[in-house]
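# Model the following, please.
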Amino acid sequence: MSKKDVALFPQTKRFADQLQTLLNRTVCDNARVDGKIYPDCMQSVVGTDLEDFTSNPIRLRTGTATPL
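Modelled structure (predicted):
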């Protein structure tokens, strides 16, 4: 892993954590967002239930939101 990849990992993880928090506070219950780095193609991927470059959908909340 290059220095660029190492520097990108904390940013990817932080963005995934922030997105997970936003989803779970607004429209989802128990969404799991993760970030991965693929150094071979120099890409960072953020999504739910990641499988390589594919992210699977998550269920949206159907009831009223809980107070923050």
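# Enumerate the positions of stretch 20-32 that are buried.
In terms of neighbour count (16 or more other Cβ atoms under 10 Å), stretch 20-32 has its buried residues at 20, 23-24, 28, 31. Any C-beta I mention is one placed from the backbone N, CA and C, and that applies to glycine too.
# Quick one: mean pLDDT over it.
Stretch 20-32 carries an average pLDDT of 92.
# next one: stretch 35-47
83.
# secondary structure class for Asp29?
Secondary structure, DSSP: H, G, I helix; E, B strand; the rest coil: Asp29 is coil.
# and it, how far is that from Asp40?
For Asp29, the distance to Asp40 equals 35 Å [Cβ to Cβ, to the nearest Å].
# Skipping its backbone neighbours, what lies nearest Tyr38 in space?
Leaving out its chain neighbours, the residue that sits closest to Tyr38 by Cβ to Cβ, 6 or more residues apart in numbering is Val45, at 6.8 Å.
# Tell me the pLDDT of Ser2.
For Ser2, the pLDDT comes out at 65.
# cool, the one 3 residues further on as well?
The pLDDT attached to Asp5 in the predicted structure is 59.
# do the same with the one 4 residues further on
Looking at Phe9, its pLDDT is 83.
# Can you give me the neighbour number for it?
For Phe9, the neighbour count with other Cβ atoms under 10 Å is 14.
# now it: how far from Gln43?
Taken as Cβ to Cβ, the span from Phe9 to Gln43 is 12 Å.
# Adding distance to Gly63, write the buried residues of stretch 20-32 out as JSON lines.
JSON lines is the format used below for the buried residues of stretch 20-32 (distance: Cβ to Cβ, whole Å):
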{"residue": "Gln20", "distance to Gly63": "20"}
{"residue": "Leu23", "distance to Gly63": "15"}
{"residue": "Asn24", "distance to Gly63": "14"}
{"residue": "Cys28", "distance to Gly63": "12"}
{"residue": "Ala31", "distance to Gly63": "15"}
